[in-house]
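# no sequence on this one, just coordinates:
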């Protein structure tokens, strides 16, 4: 019988998770607590890990960059010391020549040989006239023909900049027979005494073996691929690890950008690889030491941190999964007991009371649930009362609109116009009366558009204006966007009726009623303004309570509008009055701005 293959840790973990998930319902509180605890913990660990990762990686980068800068500065310091030593030697040679009574003095020649032997890197000392004729050379070697001395860079520099000591790029020394050294030439125009003792202008040349500069640069290590190179102030390469390509210009080094820096660092991507370029200028000759380090070698610490954080997250997830399953089961057990008790209420028995023991929050939840059941009963009674109040309010509105007295007066006016054979007036009044009642009924709907509501009050004003023999003028205005808004029907007519009966009817002058509709934020504002008799503060309060009584009628219609709006939309909406005696009255009606879409729905 074959032995069973052992399960891998990953497979056992998947099997454990599958068993746990089968026992936990996805929408249960136990599952939610488990997932929430895991997500929060993992997020916290992830955030902390990222913070540590960023901190450590940033520190590693800074240390690496600082180390590279220190290396470049050390190389630069060594080169400056070496160059300053060469300048001192050159000045000593120049001083000896200047002090010598004649250039052919044996003492001068002996002194120059001593200077040449004092340092191994000194290759030769030579003095030329401005025309390129050899005056003196140490060691005394025969000069080659066709050297084109006047065209060599060190000679041209000395002639063009006579007071400046110049350093040439590395080159093969080709002036004297038997000399093939790789040298850097120092040159400057000086004064010397010829054989007759007269001062002449000449060019002093001191050749220095390039080997010392090469050794200083080769000792530097900037990683496996990193290196340094040296260029002069004109961009000519003085030293490069690939020295055989020195005359090719090494375009991939992007020398134009390097020349724009005197000191500093930047990241270069021109070669396809990310490279850190660090630059330091060698004083006083203006050479630049350039360090090239590859960032993939500098930042190897990031890879180690990535692996560490990955395994930390794996371990944390496993621990959190086990702990969260245990804790969520313990927390959710009393809540499940509460769920069983609530199901009894779900069956419709609102007299049921529950009493679940457990954690403090569960006990409070049990207590609050009992209070909620009692409150539900109260709210159900309140809803029944409000619905009855709404139906009664709507019935009162309909009855007030189909007022027999208003209908009688209107028909009486029609008869008078007919007796006087005023056909147009009869047609207008009957047509307006028909539209007035059509909108009042609205097929039993309580909500109509603002456009229909304005049409309803316009028909009412037409009828009343004809009844009162043009005693008043009126104007109706509305924003285009407001016309498609929805509103409770029959909220303007009682306000306009109140303006006519209590404000304009008793005036000696002509009255005016202005109706406007505007959208203010997320609210709809109706304004009815008249220039009537106005009213006192006490009268305005009585209008909203329906307690105003006068020989011209009551204020039940205004109160009805106010209460209907508050029942449908809430206590923050309703009517506001602004009025002064003998000045007129403005009534503001506030309701929410609800729009009707093209399909007749609500948006």
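The structure has been received and is ready for your questions. As the structure is a prediction and not an experimental result, all values here were calculated from the model.
# Now do the one helix or strand residue 110 maps to: everything it contacts.
Using DSSP states H and E, residue 110 falls within helix 106-118. Helix 106-118 is contacted from outside by 89, 92-93, 96-97, 100, 102, 122, 124-125, 136, 138-139, using C-beta atoms under 8 Å, 6 or more residues apart in numbering. No exception for glycine: its C-beta is placed from N, CA and C like everyone else's.
# ok, now stretch 217-237?
If you take C-beta under 8 Å, 6+ apart as the criterion, stretch 217-237 is touched by 68, 71-72, 75, 79, 167, 169, 213, 238-241, 246, 249-250, 253, 255-256, 258-259, 282, 285-294, 297-298.
# Run the chain-centre distance for it.
42 Å (C-alpha atoms, centre = their mean, to the nearest Å).
# Go through it and flag the buried ones.
Neighbour counts over stretch 217-237 (16 or more other C-beta atoms under 10 Å) mark 217, 220, 222-223, 226-232, 236-237 as buried.
# for stretch 167-178, same thing?
167-171, 173, 175-176.
# Columns distance to residue 529, secondary structure and pLDDT on top of these, output as TSV?
Output for the buried residues of stretch 167-178, formatted as TSV (distance: C-beta to C-beta, whole Å; DSSP: H, G, I helix; E, B strand; the rest coil; pLDDT from 0 to 100):
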residue	distance to residue 529	secondary structure	pLDDT
167	96	strand	83
168	98	coil	80
169	95	coil	77
170	99	coil	77
171	101	strand	77
173	108	coil	78
175	110	coil	80
176	115	strand	77
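# Now these in JSON lines, please, with extra columns for distance to residue 48.
JSON lines is the format used below for these (distance: C-beta to C-beta, whole Å):
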{"residue": "167", "distance to residue 48": "56"}
{"residue": "168", "distance to residue 48": "59"}
{"residue": "169", "distance to residue 48": "55"}
{"residue": "170", "distance to residue 48": "55"}
{"residue": "171", "distance to residue 48": "60"}
{"residue": "173", "distance to residue 48": "65"}
{"residue": "175", "distance to residue 48": "70"}
{"residue": "176", "distance to residue 48": "72"}
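# what helix or strand does the residue nearest to the spatial centre of the chain sit in?
The structure's the chain has its C-alpha centroid closest to residue 47; by C-alpha atoms, centre = their mean the separation is 19.9 Å. Per DSSP H and E, residue 47 falls inside helix 29-99.
# can you give me how far that helix is from the chain middle?
Distance, stretch centre to chain centre, for helix 29-99: 30 Å (C-alpha atoms, centre = their mean).
# Next, the angle from that helix to helix 106-118.
If you take axes from the mean of the first three to the mean of the last three C-alpha atoms, to 10 degrees, helix 29-99 sits at 160 degrees to helix 106-118.
# mean confidence score for stretch 585-603?
Stretch 585-603 shows a mean pLDDT of 79 in the predicted model.
# Over to stretch 40-53?
Mean predicted confidence for stretch 40-53 is 79.
# mind listing what's buried in it?
41, 45, 49.
# quick one: contacts for residue 158?
Residues in contact with residue 158, defined by C-beta under 8 Å, 6+ apart, are 166, 187-189, 203-204.
# I'd say residue 514 and residue 529 touch.
Yes. If you go by C-beta atoms under 8 Å, residue 514 and residue 529 touch, sitting 4.5 Å apart.
# Just grab the bridge partners of the nearest residue to residue 258 once chain neighbours are set aside for me.
Once flanking residues are discounted, residue 258 sits nearest to residue 290: 5.7 Å by C-beta to C-beta, 6 or more residues apart in numbering. Beta-bridge partners for residue 290, by DSSP bridges, are residue 229, residue 279.
# Any idea how many residues pack against residue 114?
Neighbourhood size, residue 114 [other C-beta atoms under 10 Å]: 11.
# if we can go back for a sec, with respect to residue 364, which of the buried residues of stretch 40-53 is nearest?
residue 41 (27.2 Å; C-beta to C-beta).
# Checking residue 221 next. Helix, strand or coil?
Secondary structure, DSSP: H, G, I helix; E, B strand; the rest coil: residue 221 is coil.
# How much space separates it from residue 422?
Distance of residue 221 to residue 422, computed by C-beta to C-beta, to the nearest Å: 115 Å.
# hang on, the earlier thing: need the contact list for the residue nearest to residue 258.
Residues in contact with residue 290 (C-beta under 8 Å, 6+ apart) are 228-231, 253, 258, 277-279.
# Please produce CSV containing these, extended by distance to residue 566 and pLDDT.
Listed next are the contacts of residue 290 as CSV, based on distance: C-beta to C-beta, whole Å; pLDDT from 0 to 100:
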residue, distance to residue 566, pLDDT
228, 86, 80
229, 87, 81
230, 89, 83
231, 87, 79
253, 83, 70
258, 80, 74
277, 76, 81
278, 77, 85
279, 79, 85
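# Please pick the buried ones from the contacts of stretch 217-237.
68, 71-72, 75, 79, 167, 169, 213, 238-240, 246, 253, 255, 258, 282, 285, 287-294, 298.
# and which of the buried residues of stretch 217-237 is nearest residue 569?
Among those, residue 223 lies closest to residue 569 (C-beta to C-beta), at 75.2 Å.
# For the closest one, give its distance to residue 321.
43 Å.
# before we move on, the earlier item: now render the buried residues of stretch 217-237 as TSV, adding distance to residue 457.
What follows is the buried residues of stretch 217-237, written out as TSV (distance: C-beta to C-beta, whole Å):
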residue	distance to residue 457
217	98
220	95
222	89
223	88
226	88
227	92
228	92
229	92
230	95
231	91
232	95
236	95
237	94
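# need the next SSE after the helix or strand of the chain with the lowest mean pLDDT, C-terminal direction.
In the chain, the helix or strand scored least confidently by mean pLDDT, DSSP states H and E is strand 553-554, which has a mean of 48. Following strand 553-554 in sequence order, the next helix or strand is helix 556-569 (DSSP H and E).
# ok, the helix or strand following that following helix: who's next to it in the sheet?
Next along the chain after helix 556-569, taking DSSP H and E as the criterion, comes strand 574-580. Looking at strand 574-580 with DSSP bridges, its partner strands are strand 584-592 (antiparallel).
# okay, the angle between the partner strand and helix 556-569?
Angle, strand 584-592 to helix 556-569, by the same axes, to 10 degrees: 20 degrees.
# Can you give the contact residues for strand 584-592?
When contacts are defined by C-beta under 8 Å, 6+ apart, strand 584-592 is touched by residues 487-488, 491-492, 495, 498-499, 503, 522-532, 534-535, 561, 565, 569, 572-579.
# Please list only the buried members of the residues you listed.
Buried members of the contacts of strand 584-592, counted by 16+ other C-beta under 10 Å: 487-488, 491-492, 495, 498-499, 503, 524-532, 534-535, 561, 565, 569, 573-575, 577, 579.
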